[in-house]
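# sharing a sequence plus its predicted fold:
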Amino acid sequence: MISGDLTNKQKLCLEERTSFLINFTGVETQKALSIQNEGVSTRRLYKILANTIYDWHWLSHDDPNRFAFRGVGELVWTPHKFGSLGLVAPSIEYNSNIKLHYGLFANMLDLFASKEYAKWGYREIRRVGDERHIVFAPFLDFELLEKSRVERQERHFWAELVRVYCRLSDRALDALASCRNKTSTSHSLLIQLVNWKRHMGTAFDMLQQVNITSMDSVTKDEVRGHIEAARACVKQFFVKRGHFKDIDVHILELKGSASYSELHQFIPCLNESSSGVTNMADKCDALIDLSDYLGALHAVCGEFRKQIRIDQELEIPDLIKLTESLKILEQILPTSTLLDPKRWVIPFLQPNEREIAVLCLALIEEVFAVFEANIKNSILRPTPHYHDVLHRNYPLPRDHFTKGN
Amino acid sequence: MKFDRESLRQQILHFVDRWFDEDEIVIGVLRYGAHIPHIYQNACLREHKQPKKIQLMLSHMIRFFPCEFYRQNRFLLLDDTVYEGVEMSNLLNTLLEEFKVPRQNLRTATLIAHEQSEFEPDCPKPTERLPDAEYIAWKEELASLVRRDIRPTERDHPLYYFKGGELPIGKFLSLIQEFGHVHPVGSDWDAPVFRASVTLNPSLLSDLLQLDGLELDPVLKVRLYWQQTVSGTQLTAAPMVFHQLDIDQFLAQSANTIESLVGLQHDFFQRIYSNHLETARGHMIFYFAGRSIAVLMLQRLLTQVIPRLEQIGCEPACVSPKEIDGFVEYVFPQEYIEFYDAAFASINGIVKTSPPEDRLPFTDHPRKQSRFPERANKDPLLPDMYEILEFMTRNAAPAIWDGARWTPNKAISKGTSHRELVREFKDEVFVSAALDELLDSGLLRAKDVPIDSARMHFDREFFPGGEYNAVQVSRIADSWRYQTSAVDPLLASEEALDLWGPY
């Protein structure tokens, strides 16, 4: 969102629309599921928003007369390690105590500390198990609805979309948010690679600097956290691959949920993106083809994890698995001396953890260089990656919306 | 329907070519009505077309003219848009009933009308009507077009134009920052014209703070417009002061002082009082008194700025408004012409003679300082400036609900003065910057108003914006009034940790 040509007033209008749509989503979800007392979990809210945002853009782009939508405020469909989410990427300059992750994304709970978001009457934010729930207002007065700049037809169709998506299972909700077509699947797979590299790279970087036996507990925890995060990324990579493969099943579930909605024949929108600098749909097959190599790379790193005993469990490195994984990687790095198994087993046996960390880092760089060549796309650090997604390769059309809405 | 600057330019070009008569005097209603002729002229020049000559009057000056003036001419009342037609109707009724202009000598014109508007302009026929969202989009696009003009939409404040050699924006800002607090007007950076205001030290006019009949707020400002062109730099200055005036006392005790300082004839204000109707003279005296003090402020500022500009090789020169206005020929009352000629002559004199830098009218060299305490951010998201809208609308809602629609509240008769704002917010610089933004965005309007029934005491007051802006003012005020409860910071940080990790 390049805001150089937006006035302060237009930025405020965007924020007003955003706060309304989020609250409206929560209220409609609560009504549809009769959960006015429990509220909506933030994770589920983000997924509902992601799906609604996706259809919102394409419905109005393809048929602006039937779907006269003015904009989506600052809500953005965002590829994420948990699967795609609907988040807020503000153009207004917040006062200093709202953090923007990666310089882009506001924490939704921080926003509800503001009058602009709170004024729609949310009742509380509470912890429910491991999750946070926002308990929205049970209803919104018609007078207030009319005062918002979101028009009647917009409110009608937004509510329709929310009611359809909020009834889906978690799995279907995630699948449709993240992998409904090749474009979104590409984004969803790529973000796992971005995050995996970041986490695993950071962990090994720390491990090559200080021997694990000399590490203080705080630093060890940090290393462990990164390795766990990387592990989650690999898991999600394969989950998303599975979602894409089974997407027809999830579309069927959606059609069932939408069977009594006038949007039944229109959603889910499966348009591949033609905007953006890069055609992400073309990369989907290439990304999926990387699965085995990602798995092998992660396995190599995983054996090191066992070596350094970063977890409480006493696992012993499996040298068979290690060398088999290196063999798989030979398919994409046929001439690399890095994959000579002797280079690995010696430091494992010595043991020389620092040497293994250095080897892992070098291997990550070489493998990812091949990944980039195969998918014809750089795998950046998260901050520039997200800036690239929002500003250059956003998968949804937005020029057709009214500026400042 | 999508609008962009080019389509609007074309629309205005065709509209003026088709509907304007060069023998009519165009009365530009409020800001954008008065700016349409300039957009038209610029559009013609871009296409190497000869523009029509347009005689243009400003709507806030209609009572400044004698009755005979209205009997001798035909008029086109021009506004960019019509929402409900309130301003247009008021102006039309004033001309018909107060000045007895025959109806056949009046035409009303607007480029577009809101689909709900009952007002039907005389031209164009048929009138293009737009629903709410398109109406707002059109209006915002017009605002974007206007912001690109070195000739701003200030209609209430006389403008003073300058040109010179190269003056990069960094040097320009460093220079003016020596004289007071500088803030940008608006945050959009892609227009060729940079807009800023400098709030000056009131000691610049210390000799005027005790004049009888005149209460001057200790806030002086100059709104500046800077543009780099192929031939150098262009600057526009709109000096402003905030004052209250007791007409009788001012005329008796202080008018001569102002006349002598500005270079006006010695009975300038008395002549206005004698020659104009009761409905006009108080406002005119208030207007010219305030603008006289403003130009004095500008003169004193220039005595220091000009030498500095020359030092950096800028070689400034005054530019006559006629050069800027081109084919748009302003129709001003005689008193305005007299006033502006005197003001221009004195400013031109300062620029040409370039006084030595050390001849300062006050002892302390003004510095940019934090004169006023920082306002604590009251809300993590809403810019502080919008709190002014909450304050201003406590006693009268800007928009009212009729069961089906929100409409602007036309019954608001009392605005808010600058003095009241400073008393409430205790920070003149904050108020100055906020007013710039809110006026520029249309969320506020300003008017000179009589504060007594005899029209002998005047002040300048601010009102919530009209049209769709009234509803937005209402929304913003609602937000500010809402009492939030704190979000448990532990939950917020857990959420952040969950989504983004600790690193």
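Yep, it's here. Since the model is a prediction, treat every value here as computed from it, not as a measurement.

# could you point out which element follows the longest helix belonging to chain B?
Assignment by DSSP state H gives helix B:278-311 as the longest helix of chain B. Using DSSP states H and E, the helix or strand that follows helix B:278-311 in sequence is strand B:317-319.

# just the residues contacting that next one, thanks.
B:Tyr160, B:Tyr161, B:Phe162, B:Lys163, B:Gly164, B:Gln234, B:Phe344, B:Ile347, B:Asn348, B:Val351 (CB atoms under 8 Å, 6 or more residues apart in numbering or on different chains). Heads up, the C-betas are built off the backbone N, CA and C, glycines and all.

# ok, and the most crowded of these?
B:Tyr160 (24 neighbours; other CB atoms under 10 Å in any protein chain shown).

# how many residues are close by B:Glu310?
Neighbours around B:Glu310, by other CB under 10 Å: 16.

# run through the residues that contact it.
Here B:Glu310 is in contact with B:Pro316, B:Ser354 (CB under 8 Å, 6+ apart).

# B:Phe65 and chain A: what is the separation?
The gap separating B:Phe65 from chain A is 35 Å, by CB to the nearest CB, to the nearest Å.

# what's the pLDDT at the residue lying closest to that residue once chain neighbours are set aside?
Once flanking residues are discounted, B:Phe65 sits nearest to B:Pro333: 5.3 Å by CB to CB, 6 or more residues apart in numbering or on different chains. With respect to pLDDT, B:Pro333 scores 96.

# contacting residues around B:Pro333?
B:Pro333 makes contacts with B:Met61, B:Phe64, B:Phe65, as judged by CB under 8 Å, 6+ apart.

# now do B:Pro383
A:Asn8, A:Leu12, A:Ile92, A:Glu93, A:Asn95 are the contacts of B:Pro383 under CB under 8 Å, 6+ apart.

# ok, these vs B:Val305, which is closest?
Nearest to B:Val305 among the contacts of B:Pro383, counting by CB to CB, is A:Asn8 at 28.3 Å.

# and the closest one, how many neighbours?
22.

# make CSV out of the contacts of B:Pro333 and add neighbour count and distance to B:Ile476.
Below are the contacts of B:Pro333 laid out as CSV (neighbours: other CB atoms under 10 Å in any protein chain shown; distance: CB to CB, whole Å):
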residue, neighbour count, distance to B:Ile476
B:Met61, 21, 32
B:Phe64, 22, 35
B:Phe65, 20, 38
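
# for the stretch 51-200 of chain A, list the residues in contact with chain B, please.
A:68, A:70, A:80, A:82, A:85, A:92-99, A:101-102, A:105, A:107-119, A:124-127, A:132, A:143, A:146-149, A:151 (CB under 8 Å from any CB of the partner chain).

# what about 7 Å?
Taking CB under 7 Å from any CB of the partner chain as the contact definition, the stretch 51-200 of chain A meets chain B at A:70, A:94-95, A:97-98, A:101, A:107, A:109-116, A:118-119, A:125, A:127, A:132, A:143, A:146-147, A:151.

# list buried residues within those.
Buried members of these, counted by 16 or more other CB atoms under 10 Å in any protein chain shown: A:70, A:94-95, A:98, A:101, A:107, A:109-116, A:118-119, A:125, A:132, A:146-147, A:151.

# give the contact list for A:Leu322.
Shown in contact with A:Leu322 (CB atoms under 7 Å, 6 or more residues apart in numbering or on different chains): A:Val300, A:Glu303, A:Trp344.

# so the last one sits against A:Cys360, correct?
No: with contacts defined as CB atoms under 7 Å, A:Trp344 does not count as touching A:Cys360, sitting 9.4 Å away.

# looking only at pLDDT, what's the mean for the longest helix of chain B?
93.

# quick check: the residue sitting nearest the centre point of chain B vs B:Ser320, distance?
Geometric centre of chain B, nearest residue: B:Glu154, 3.5 Å, by CA atoms, centre = their mean. Noted for B:Glu154: a distance of 17 Å to B:Ser320, by CB to CB, to the nearest Å.

# of the contacts of B:Pro333, closest to B:Gly466?
Distance ranking of those against B:Gly466, using CB to CB, places B:Met61 first at 19.7 Å.

# mind listing what the closest one touches?
B:Met61 neighbours (CB under 7 Å, 6+ apart): B:Pro333.

# count of residues packed around the residue nearest to B:Asn395 when sequence neighbours are not counted?
In this structure, B:Asn395 finds its nearest non-sequential neighbour in B:Lys414, 7.8 Å apart by CB to CB, 6+ apart. For B:Lys414, the count of nearby residues is 11 (other CB under 10 Å).

# can you check B:Ile350 too?
20.

# show me the contacts for it.
Neighbouring residues of B:Ile350 by CB under 7 Å, 6+ apart: B:Gln299, B:Leu302, B:Thr303, B:Ile306.

# confirm for me that the first one is in contact with B:Ser346.
Same thing as B:Gln299. Yes: between B:Gln299 and B:Ser346 there is a contact at 5.8 Å, judged by CB under 7 Å.

# which one's more surrounded, the two?
The residue with more neighbours, out of B:Gln299 and B:Ser346, is B:Gln299; 21 against 18, by other CB under 10 Å.

# which ones are touching B:Gly442?
With CB under 7 Å, 6+ apart, B:Gly442 has these contacts: B:Gly465, B:Asn469.

# assign a three-state SS to it, would you?
coil (DSSP: H, G, I helix; E, B strand; the rest coil).

# please tell me how far it sits from B:Pro464.
10 Å.

# same thing with B:Met284?
From B:Met284 to B:Pro464 the distance is 26 Å (CB to CB).

# the two: which has the busier surroundings?
Between B:Met284 and B:Pro464, counted using other CB under 10 Å, the more crowded position is B:Pro464 (28 against 24).

# identify the bridge partners of the closest residue to A:Arg123 other than its chain neighbours.
Spatial nearest neighbour of A:Arg123, chain neighbours left out: A:Val135 (4.4 Å); criterion: CB to CB, 6+ apart. Counting by DSSP bridges, A:Val135 is bridged to A:Glu124.

# A:Val135: how many residues sit nearby?
Residues contacting A:Val135 under the criterion other CB under 10 Å number 18.

# now do the same contact list for it.
A:Val135 neighbours (CB under 7 Å, 6+ apart): A:Gly39, A:Tyr122, A:Arg123, A:Glu124, A:Arg126.

# ok, which pair from those residues is furthest apart?
The distance between the two most remote of the contacts of A:Val135 (CB to CB) is 11.1 Å, for A:Tyr122 and A:Arg126.

# all helices of the stretch 201-350 of chain A, in order?
A:217-245, A:247-257, A:284-289, A:291-308, A:319-329, A:341-349 (DSSP state H, counting those that start in this stretch).

# what's whichever helix or strand comes after the last one packed up against?
Pointing back at helix A:341-349 there. Downstream of helix A:341-349, the first helix or strand assigned by DSSP H and E is helix A:353-375. Here helix A:353-375 touches helix A:182-209, helix A:284-289, helix A:291-308, helix A:341-349, going by 3 or more CB pairs under 7 Å, 6 or more residues apart in numbering or on different chains; DSSP states H and E.
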